[in-house]
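Participant: 3D, please:
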Amino acid sequence: MTRSLRPGPGRATNDDDRILPLINVVFLLLIFFMLAGHLAATDPFHIEPPVSVSETEPDGAAHIILVGADGRLAFDGKTMDDAGMKAALAGPVEAGVTHFRIKADGGASAVRLVEIMELLRAAGAEKVHVLTVPKAL
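Facilitator: Residues are numbered from 1 along each chain as shown. Here you go, the predicted model:
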């Protein structure tokens, strides 16, 4: 009995076999960026927060109140007036939420901010943070 030194019938080469690892890597990257990416809704109007030297960060998640340079209000992404704000605040306060964040434009009136803070206090807010951007060195 003799053995042949010729290679036996092997697997036929296929171009798809060479591209399969590339497809796997692309899908892994797609899954990674889907999990790591952060999509955020845009504000209903343009806001440039004031600059501050404070580096403290507010703790925990809170509802955000937007104040435009012209005094417009938005609560959780919905534009409203003061009466609408009072009505919108009733739900979270009744649910036990007492922490709120104000994201005001740097050109917003200080008097307007105080009015909004008084509105929050009357609704039952216990803690309010005014969001700022850090001062560049």
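Participant: ranges for the helices of this structure?
Facilitator: 15-36, 82-94, 110-123 (DSSP state H).
Participant: Which one of the ones you listed lies nearest to Thr56?
Facilitator: Comparing the helices of the chain against Thr56 with Cβ to Cβ, the closest turns out to be helix 110-123 (18.1 Å). C-beta: built from backbone N, CA, C; applies to glycine.
Participant: which helices and strands does that closest one pack with?
Facilitator: Contact analysis of helix 110-123 by 3 or more Cβ pairs under 8 Å, 6 or more residues apart in numbering; DSSP states H and E lists strand 63-67, helix 82-94, strand 99-104, strand 127-130 as its packing neighbours.
Participant: what sits against Leu66?
Facilitator: Asp43, Pro44, Phe45, Ile47, Arg72, Leu73, Ala74, Phe75, Lys103, Ala104 (Cβ atoms under 8 Å, 6 or more residues apart in numbering).
Participant: Out of those, flag the one nearest to Pro92.
Facilitator: Nearest to Pro92 among these, with distances taken as Cβ to Cβ, is Phe75, at 9.1 Å.
Participant: Nearest residue to that closest one in space, ignoring adjacent ones along the chain?
Facilitator: Ala88 (4.7 Å; Cβ to Cβ, 6 or more residues apart in numbering).
Participant: ok so, going back, save the contacts of Leu66 as a markdown table, and put in neighbour count too.
Facilitator: Below are these laid out as a markdown table (neighbours: other Cβ atoms under 10 Å):
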| residue | neighbour count |
| --- | --- |
| Asp43 | 14 |
| Pro44 | 15 |
| Phe45 | 15 |
| Ile47 | 19 |
| Arg72 | 17 |
| Leu73 | 22 |
| Ala74 | 21 |
| Phe75 | 18 |
| Lys103 | 16 |
| Ala104 | 24 |
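Participant: between these, which is nearest Ala136?
Facilitator: Among these, and counting by Cβ to Cβ, the member closest to Ala136 is Ile47, at 18.3 Å.
Participant: roughly how far apart are that closest one and Ala90?
Facilitator: Applying Cβ to Cβ, to the nearest Å, the value for Ile47 to Ala90 is 25 Å.
Participant: in this structure, which residue is closest to the centre?
Facilitator: In the chain, the residue lying closest to the centroid (Cα atoms, centre = their mean) is Ala40, at 4.2 Å.
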